[in-house]
Each structure stands twice: as structure tokens, then as C-alpha cells.
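Asks: No sequence on hand, only this structure:
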């Protein structure tokens, strides 16, 4: 029976996700652009790995394409699998503490530097675990974001 269940599971798509952190602890969230699934929802920036790319290579490429910045080292942090109705994704979260360049919202998305509790709304489901990890790291009690 376990084999049958395993064969019906969708193969996850690997996604590199940048958790950009400022020295004061604020983190960057961006909105999903019009025309994409979950348009208007807030998330950490990043994108799918292309064939042969490492997580850091993909993150470097995606943040250059989407935000116009060149990141410094990407520190692998956590991995989370999220099952959305449209896709199953394996999110590779990396902390990024250094970057160069001016932010350019190349996909007409919005950006916001946030702390807990997050003020932007709605938050993409794949973003919620990161907010919970931040809450534990920062001894934050209470809601991390506004529920839908």
C-alpha cells in the first residue's frame, strides 16, 4: 500500500529561495507578479533550479534576474517541501547577508523590508515556515503574520 501512495506523489520541483537579511534583523519579502500563480502574495524571492545548477547558482541568477542585485555568499539554511495545488516544491532556503546593486523590481513586483509580525498580506503558504523559524530564533511570541 505504501508503494501505491508513493507512486501517486508528485515529484517536487527544486526552488532556491533567498532570505535577505539586514544587520538590524529585517528581512526582504517580495510580491508575486501579475500573471503568476498566487499573484499578489508575499514571499521570499527566488526561483526554480535549471538543469545542472546548484542552489547557490540558481539563487544568484534568480535574484539578478528579478531584483537586479548581485548577492554575496548564500548560507544554506533549511529545506521545506510544500504541496501546492499546482505543484509540489522543495524550497531550499538560504540566508543572504550581503549584496551589491540597487533593487530593481524587474517583474513589476513590490518589495518590503519586514520584521515580525509581518505587515504585508497575504503571505504565501511556503513563506509561513520561515516566519515560524524566525519566531523561534528571535524568541518572538504571537502571530507571525496576518491569517487569510
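Replies: The structure has been received and is ready for your questions. Since the structure is predicted, the reported quantities are computational estimates derived from the model, not experimental observations.

Asks: any idea which helix or strand comes after the helix or strand containing residue 18?
Replies: When elements are assigned from DSSP states H and E, residue 18 belongs to strand 13-20. Following strand 13-20 in sequence order, the next helix or strand is strand 27-31 (DSSP H and E).

Asks: what comes into contact with the helix or strand harbouring residue 131?
Replies: In this assignment (DSSP H and E), residue 131 forms part of helix 128-137. Residues outside helix 128-137 that contact it (Cβ atoms under 8 Å, 6 or more residues apart in numbering) are 19, 27, 44, 78, 80, 93, 116, 118, 123, 140-141, 144-145. Where C-beta positions appear, they are placed from N, C-alpha and C, glycine not excepted.

Asks: Looking at neighbours, which among the residues you listed is most surrounded?
Replies: Most neighbours among those, by other Cβ atoms under 10 Å: residue 93, with 25 neighbours.

Asks: isn't it right up against residue 81?
Replies: No. Between residue 93 and residue 81 there is no contact under Cβ atoms under 8 Å: 11.9 Å.

Asks: Could you look up the SS state of the residue nearest to residue 121 when sequence neighbours are not counted?
Replies: Spatial nearest neighbour of residue 121, chain neighbours left out: residue 146 (4.7 Å); criterion: Cβ to Cβ, 6 or more residues apart in numbering. Following DSSP: H, G, I helix; E, B strand; the rest coil, residue 146 is assigned to coil.

Asks: Please work out how many residues are found near residue 146.
Replies: Residue 146: 12 neighbours (other Cβ under 10 Å).

Asks: for residue 147, same thing?
Replies: Residue 147 has 9 neighbouring residues, counting by other Cβ under 10 Å.

Asks: Look up how far residue 128 lies from it.
Replies: According to Cβ to Cβ, to the nearest Å, residue 147 and residue 128 sit 10 Å apart.

Asks: residue ranges with poor pLDDT in the chain?
Replies: Scanning the chain for pLDDT under 70 picks out the ranges 1-8, 148.
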